[in-house]
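[1] Task: produce atomic coordinates for the following.
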Amino acid sequence: MMDPSQYEKLERHVLSENVMNQFSYPRPHPHVKGQALISNAREHYFQIPSNGTRGCIRCGAVYSVYESGKAVKPEVCVYHSKRKPNQGQQYRCCGGNYNAKPCRTAPQHVSEEFDLSNMTGFLLTKDNTSVTGQEAYALDTEMIYTECGREVACLTIVNTKCEVVYETMILPENPIVDYNTEFSKLTSSDFAGVTTTLKDVHKKLLTLWGPNTILIGHGLESDLIKLKVIHDKVVDTLVLYPHKRGFPFMNSLQYLKDTYLPQCTYEGSSKKCSEDAIAAMKLVKRKINGPSRKIVQYNLIG
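    Below you'll find the predicted structure:
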C-alpha cells in the first residue's frame with residue numbers, strides 16, 4: 001500500500017463529478033449495469049454522418065462503408081498528419097505553408113466516429129470488492145484504426161515508483177486497417193501471436209483497481225472509453241496543468257514533458273504508452289510534492 005500522506009495529497013486533485021462530465025468521462029448508466037453515459041460527447045467526438053458512410057479523420061473525406069464498417073472500396077487517402085496551422089504558420093508535419101499539398105499518403109481512409117449506441121460492456125471498478133486498498137496507478141494506451149474506428153491496442157500501467165506493473169498488447173475486436181504507426185509506434189510485427197482481448201484485460205484490471213484506487217493519466221477519458229472502464233477517482237494532468245490561455249485551450253502531454261521533465265529518462269519498456277504513463281505519474285508527483293501545492297484546475301462548471 002502506498003504512503004497514506006501521498007494518497008491524501010493525490011486525493012485532493014481527484015476530479016469532481018462535474019468536471020468529469022465536462023471532459024466527457026464515461027459515467028455509469030443509472031439503470032443499466034455495464035452501460036456508460038458520455039456527457040458532451042457530440043462536442044468532443046466525431047459522430048457517424050449517416051448510415052453507410054464514415055468521415056475520414058485524416059483528410060475529411062466522406063466514404064461509403066458496409067454495415068460492418070468496412071470500406072466499400074479502397075480509396076487512397078492524402079493528408080497532413082498534423083492539424084492545419086493558422087494562416088502565416090507552417091504545418092508541423094512537413095514544414096509546408098498554410099496551403100501546402102498533403103504530405104502523407106495511406107492506402108485507405110480511416111474513421112474515428114463515436115458510436116453512442118454502443119456504450120455497453122463497461123467495467124465498473126467501484127463494484128470490485130476484491131481490491132480495497134488505497135493505491136494509485138498511471139496509465140496510457142495506444143490506438144490503432146480498425147474497420148469500426150479507433151480501438152485500443154496497447155496498455156501500460158505503472159505504480160507510484162514508475163515501475164511497470166502491467167503491460168500488454170490487445171487484439172482488437174475488428175479487422176485492423178491502419179496501425180497508426182506515426183503516433184502509436186506500433187507495427188504489424190507487434191501483433192504477432194497476440195491473443196489478449198479486452199475481456200482478458202478487464203480480468204487483470206480487477207486484480208489492480210478498486211473503488212479506492214486513483215488513476216492518473218493525460219486526457220484519460222479517451223483511454224477509459226476505449227478500455228471500457230468506468231472509474232470514479234481520476235487525476236488528469238490535462239486538468240492539473242491548465243493552459244495559460246485558459247479553457248478550452250489544453251496543453252499536450254509532449255509540451256508538459258518538454259517543459260517540466262526535460263531531463264527525464266523512461267525505463268522499463270520500449271512501448272510509447274509506457275513512456276507516457278511514466279511521464280503522467282512524474283508530472284503528478286511534481287505537482288503534489290513541489291513547493292506550490294495550490295490546487296489549480298480549469299474553471300469549468302464546478
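[2] Could you check how far stretch 95-113 is from the centre of its chain?
    Relative to its chain's centre, stretch 95-113 lies at 22 Å (CA atoms, centre = their mean, to the nearest Å).
[3] give the contact list for the residue most central in space within the chain.
    Central residue of the chain (CA atoms, centre = their mean): Asp223, 3.2 Å from the mean position. Listed by CB atoms under 8 Å, 6 or more residues apart in numbering, the contact partners of Asp223 are 139-141, 152, 217. (C-beta placed from N, C-alpha, C; glycine too.)
[4] Now do the SS call for it.
    Secondary structure state of Asp223, per DSSP: H, G, I helix; E, B strand; the rest coil, is helix.
[5] residue ranges with poor pLDDT in the stretch 201-302 of the chain?
    Residues of the stretch 201-302 of the chain meeting the criterion pLDDT under 70: 266-270, 291-302.
[6] could you redo the last one with a cut-off of 80?
    Residues of the stretch 201-302 of the chain that meet the criterion pLDDT under 80 lie in 247-248, 264-271, 290-302.
[7] now the strands for it?
    With DSSP state E, counting those that start in this stretch, the ranges of strands along the stretch 201-302 of the chain come out as 214-217, 229-230, 234-236.
[8] contact partners of the last one?
    Spelled out, that is strand 234-236. Strand 234-236 is contacted from outside by 10, 13-15, 20, 23, 25, 136, 214-221, 224, 284, using CB under 8 Å, 6+ apart.
[9] Do me a favour and get the backbone dihedrals for Phe247.
    When read as degrees, to the nearest 10, the backbone of Phe247 gives phi -60, psi 140.
[10] any idea how far the nearest residue to Glu173 once chain neighbours are set aside lies from Tyr241?
    Among residues not flanking Glu173 along the chain, Glu151 sits closest, at 6.6 Å (CB to CB, 6 or more residues apart in numbering). Separation of Glu151 from Tyr241 (CB to CB, to the nearest Å) stands at 28 Å.
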